[in-house]
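Participant: only geometry, no sequence info:
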């Protein structure tokens, strides 16, 4: 097997994640799908690292994780405050660009 | 001596400024100040005149350069004065008659609360008129030209509370403006042709350019003259201008301002001499106006309007004479001066009559006034005799020369012009006799007005009668004085040039013909108005009479074509501006707005809609990248 | 290509890839398609663990462990935490409300996926280098050497990012209490002043079949009164509406009594 | 480095604006209905404007008409990355217009002394008086800087920036509505303000594109450097590029000026704004447009200017006639003056593009004189309107009977507007006509029709408002007050002085016009008589 298969897998997962972002209404699930997309990217980065034979790809994946962590923290906080204001976690309810 | 020239203008100008700025404090002394200023100007003119007489004929022209006015590149306009015999003649006429009319106005305007302002305007007029005749270039002349226009505007509309006066003032200014366009185009043409518009250089270098150019300049000058001198086709304002106080009519619309056109043509003689076609037009205009004014004058019942028609007609004589070239210039000016005397006298007489008749102007409500106001009657009568050309009086000398000159034009033209001038003389005799008979003879025809005030005709105060007497003297003797030894011709010849016309008829024949037509005219008038009583209500009259009462339809034409047409034009333009010009802009804005409204619907506000478009966009980007690689 | 280049991995890894890869895809699909957020979260966790294994298989030992500890352990727990906070049973319906969204999503997904995969396929890499050399001094040491030298700036900045994110999250969720909490007495006085609910709120389950806290009491006309249910339950939408059942029961009761009365009347008539 | 006089002249009103805006709103007076202590702000604004006038006069004195083309120059790097420099300098035209601006602003402030009063108590707005006068001073600063900038980018900046205070002046401060619905007036006002802003922004943005285009062609924004490059022959500008750039600049200036058919914003803006602000628009701000045509269109794109001349001349001619005809048809005093201004701007543009020394000197003089005459007419009209509370001509009649001084000054303003000889506008109008006539006789002759129409609309206005029987609604109208006389008296005096003795102005302007003409490589046509020799 060739490590390129990991890239195919990553592409597939990314697509699934992106589709999820688009079709789900629950903000938390949307967020999870975003995480899925990030993970798919990480997988491809790791695979690249292996294919190139150096660790830079892994470093990038590492940074992605850090950024993802920060993003999750802020994003979930937004979801919580949105829920408080609207009593709903549906992204479609927040369509007025104001609270 | 030449340094005094500016003072001629400055004195009345100062008077006007002081009177206008001085406010109510000057109300009591205002008229005296104004009169003194006019008199000062006259005194100065006399001083200059005596000085001028003391010098040789070709050394009489004085120049005074005050300052450079508009220096831009090759365009050099100076404020500079030129006093030669022609200007001198005018200066004396203007300041002399002007001062008399100032004196007259003291009495005439005595009960008007705005008398101070009246004198301010009169002074302003004198200053502008003097500027007009003293300027040494056309642009400065233009300043005076419009200046007298404004003064005339202010004075015609002096009783502004009367809508008719305000309208007449506006009309006079507007019609004059049309003429002014001619003057400004003429100046522009001179500038492009000669590079200057000062009298000296322009008038001496007419030989260096083509006749076509000169004809164009001359025609434009003629247009200006038509405006100011109420010649056909720009004559319509003069009749309405009689809305102004009578001294104004006497000074501006009889003696001085309206003759400015004649001055302009005479002054520009060199140009006209070199443009025979233009001269022909001048003669035609003069001849037509001569008859036009006379016919209108025959039909009017308003004493001032009848006199206005007469003025128009007499200026027609002058213009005609000026159009004849060197054989006529001198006589045009001579008639202008004598006319200044007798017409001012007639107007002042008319004013005196009105003064005694509660401002009634309809001659049909006069009658038999000779008993009530003898001084007025005598002075008016002398003026009357002068204007109809009674042998020996002023009008006879000047008018007779013009008729002679008209015949001397030569050829068929000469005969036609001669016939026209003779016809004009007959008409003059007719309508002036009519005025005379209706006013001073016959039975009294006045009745109490609606409020029961019956007019009590009385002689006017001294301040009014004295100027009338002085002018009557002028009417009687001026012409003879001028003709004595051809003194006037010799006086003006260095400026205007003079040639003796060779008339196909001898002078004696012309003179007797003149006397004959004069008698015919007087006789006809007497048959109609002297023999039988004058009806108080005007009869319907013949078609010509009715047309003449309506100024031969010219006002109707103006109204329908210019006023109505203009109103429609502006109204439709306002509509166009609002709907079309603005509409295009607003339409663009509206269509952009509409498009945005459609596009706005794409922006649902749902994050997922945006996400899907982003997703699709990424797909497109990838496709594009792949395609680029494939290519 | 360096000398270390290889063209295929071991068979064991291939087997592992195909089996776990299937699991990962299924997990991802379930994340998207599960109705309840909790289930989605669990499925995502499964996928992440599979990915961790793949990281290990690719020689990214440190990342593999971090994936399990930080991602699956911490971040996914955070997700669950929020899911619990927002409401476990607040299931969002899978019914699509935006017109054409599904079709567009499907089109975009298909286009995107196919193009991406086609793109990868087009590159056609047949050889790879392997990490043997890079990992020779130990994966963690290798990473550390890079992080603290070449990427030290980025690393420092991530620190700032994390701090900012923490502060941001606090700001977003923290609610300052700007006034003293009202005492019970004050609340009671306020109710009297405003003349709303002067007596205590009605209790749940009144006139209903049950008196459980999540069943609203019925109003005289048989409709449920939401006031009777605890606010928290109300906001979570966890009200069991029994009004219809109750009305049906009432109807049945009336029916039965009518029948009985009718029978009695018939009996009387028969007599 | 000598004292930066030009910067100071522009900075003083800007500082004045800030100080005026900062004047605190004093407590209400005890009697309750007087305006809250806004008098200080007025005095401060007036003092600053007068001080600016003094500085402008210093500029005028220090400027040597026969000297270098741009004088009193200042130059600093500003954004070196794009070669933008803070470059100031004035030529004779600029000096004349700066003097005009600095002269008019004190009168505008004095005339608008009570324009914001009615907003003080009746509205929730924040310190309207301070705002009104601060905005006026701000406009002054921007306009002066536009006249001074010799860097194209710098000019563009101020050209656009002056829109902001103007927008608020038009939209925020209207006549005190009496009889008409205040809400409706506010709607019309904001419509006018938005229209003004959109028109001018549209022009400005197109000009920005042209400015950037110019930079990409010339590599610099500096006028002097571009002129140097052109003189050295190192400036490579294709003919088509030049035409496009010219159009971009000209479009913006034609809107500002305004030239038919881009004029429709002006009547709205002038109609809705108070009279002093209307004066500010037409006498000061719009002058930047015509000034910029002279300095930038002709100076930067000489060939394209010549290429466009026939079209521009025809448009100017249409403006003259069209503006005058529409003025005749107006029922609103201020709109009438606005259309009259459109006609006058037609004359200015005609003079500029006739490309003769008389035409361009006349156009420059026209800018100054039109400023004075329109200010005189419009401010008196404003005094009139403030007395009766109506802008409709039909609401007046017989005013001269009750307020003779007002009527008299109005008449002088009217006569100046119709270019009566003896008053300043005549000199400029005649020069423009002569300048046009020497090169384009037919256009010159048609333009003289404007003279007649000018008399028509001013005299009709005077007749309808001032003469005739006294209407009851104006029967108790007071005559001009001392403050109003202080505004109008000097203006009239200046109109008279410049009409009789315009030489100082022509001497100031002539060398600059000579430079512009040499930019476009045009010489005055020779008179026939000389040409023949």
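Facilitator: The structure has been received and is ready for your questions. On a predicted model such as this, the values are computed, not experimentally measured, just so you know.

Participant: please make it C-alpha for all contacts and neighbour counts, starting now.
Facilitator: Will do.

Participant: against chain A, how distant is whichever residue of the stretch 151-271 of chain C sits closest to chain D?
Facilitator: Taking CA to the nearest CA, chain D has its nearest neighbour within the stretch 151-271 of chain C at residue C:153, 28.6 Å off. Per CA to the nearest CA, to the nearest Å, residue C:153 is found 12 Å from chain A.

Participant: ok, now which ones touch residue B:441?
Facilitator: B:367-370, B:530 (CA atoms under 8 Å, 6 or more residues apart in numbering or on different chains).

Participant: in those, which residue is surrounded by the most others?
Facilitator: residue B:369 (25 neighbours; other CA atoms under 10 Å in any protein chain shown).

Participant: how many other residues sit next to the closest residue to that residue other than its chain neighbours?
Facilitator: Leaving aside its chain neighbours, residue B:369 sits nearest to residue B:440 (4.4 Å; criterion: CA to CA, 6 or more residues apart in numbering or on different chains). Residues lying near residue B:440 (other CA under 10 Å) number 24.

Participant: wait, residue B:467 sits on residue B:103?
Facilitator: Yes: with contact defined as CA atoms under 8 Å, residue B:467 reaches residue B:103; the gap is 7.0 Å.

Participant: can I assume residue C:215 sits in a strand?
Facilitator: No: counting by DSSP: H, G, I helix; E, B strand; the rest coil, residue C:215 is not found in a strand; it is coil.

Participant: surely it is in contact with residue C:239?
Facilitator: Yes: counting by CA under 8 Å, residue C:239 is a contact partner of residue C:215 at 6.0 Å.

Participant: ok, those two, which is more surrounded?
Facilitator: A side-by-side neighbour count of residue C:215 and residue C:239, using other CA under 10 Å, places residue C:215 first with 27 against 16.

Participant: surely residue D:365 touches residue D:432?
Facilitator: No: using CA under 8 Å, residue D:365 makes no contact with residue D:432, being 9.3 Å away.

Participant: for the residue nearest the centre of chain C, report the pLDDT, please.
Facilitator: With distances taken as CA atoms, centre = their mean, residue C:37 lies nearest the centre of chain C, 2.6 Å away. Taken from the predicted model, the pLDDT recorded for residue C:37 is 86.

Participant: likewise residue B:372?
Facilitator: pLDDT, residue B:372: 84.

Participant: how far away is it from chain D?
Facilitator: 35 Å.

Participant: from the contacts of residue B:441, pick the one nearest residue D:443.
Facilitator: Ranking the contacts of residue B:441 by separation from residue D:443, with CA to CA as the measure, puts residue B:367 on top at 57.0 Å.

Participant: residues contacting the closest one?
Facilitator: B:437-446.

Participant: got a ChimeraX select line for the buried ones in those?
Facilitator: Buried residues among the contacts of residue B:367 (16 or more other CA atoms under 10 Å in any protein chain shown), as a ChimeraX selection:
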select /B:437,438,439,440,441,442,444,445,446
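
Participant: in JSON lines, list the contacts of residue B:367 along with secondary structure and pLDDT.
Facilitator: Shown next, in JSON lines, are those (DSSP: H, G, I helix; E, B strand; the rest coil; pLDDT from 0 to 100):
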{"residue": "B:437", "secondary structure": "helix", "pLDDT": "87"}
{"residue": "B:438", "secondary structure": "helix", "pLDDT": "86"}
{"residue": "B:439", "secondary structure": "helix", "pLDDT": "85"}
{"residue": "B:440", "secondary structure": "helix", "pLDDT": "85"}
{"residue": "B:441", "secondary structure": "coil", "pLDDT": "83"}
{"residue": "B:442", "secondary structure": "coil", "pLDDT": "80"}
{"residue": "B:443", "secondary structure": "coil", "pLDDT": "80"}
{"residue": "B:444", "secondary structure": "coil", "pLDDT": "80"}
{"residue": "B:445", "secondary structure": "coil", "pLDDT": "80"}
{"residue": "B:446", "secondary structure": "coil", "pLDDT": "78"}
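
Participant: where does pLDDT dip in the chain?
Facilitator: I'll assume chain A. Chain A contains residues with pLDDT under 70 at A:97-99.

Participant: oops, wrong one, chain C.
Facilitator: Using pLDDT under 70, the flagged stretches of chain C are C:1-7, C:87-93, C:178, C:204-211, C:222, C:235-237, C:242-243, C:246, C:271.

Participant: also chain D?
Facilitator: Residues of chain D that meet the cut-off, pLDDT under 70, sit at D:1, D:25-38, D:120-126, D:176-180, D:533.

Participant: now the element after the biggest helix by length in it, going C-ward?
Facilitator: Counting by DSSP state H, the longest helix found in chain D is helix D:182-218. Under the assignment DSSP states H and E, the closest C-terminal helix or strand after helix D:182-218 is helix D:223-232.

Participant: the nearest residue to residue C:37 once chain neighbours are set aside is in what secondary structure piece?
Facilitator: Leaving out its chain neighbours, the residue that sits closest to residue C:37 by CA to CA, 6+ apart is residue A:29, at 6.0 Å. Residue A:29 belongs to helix A:27-52 when assigned by DSSP H and E.
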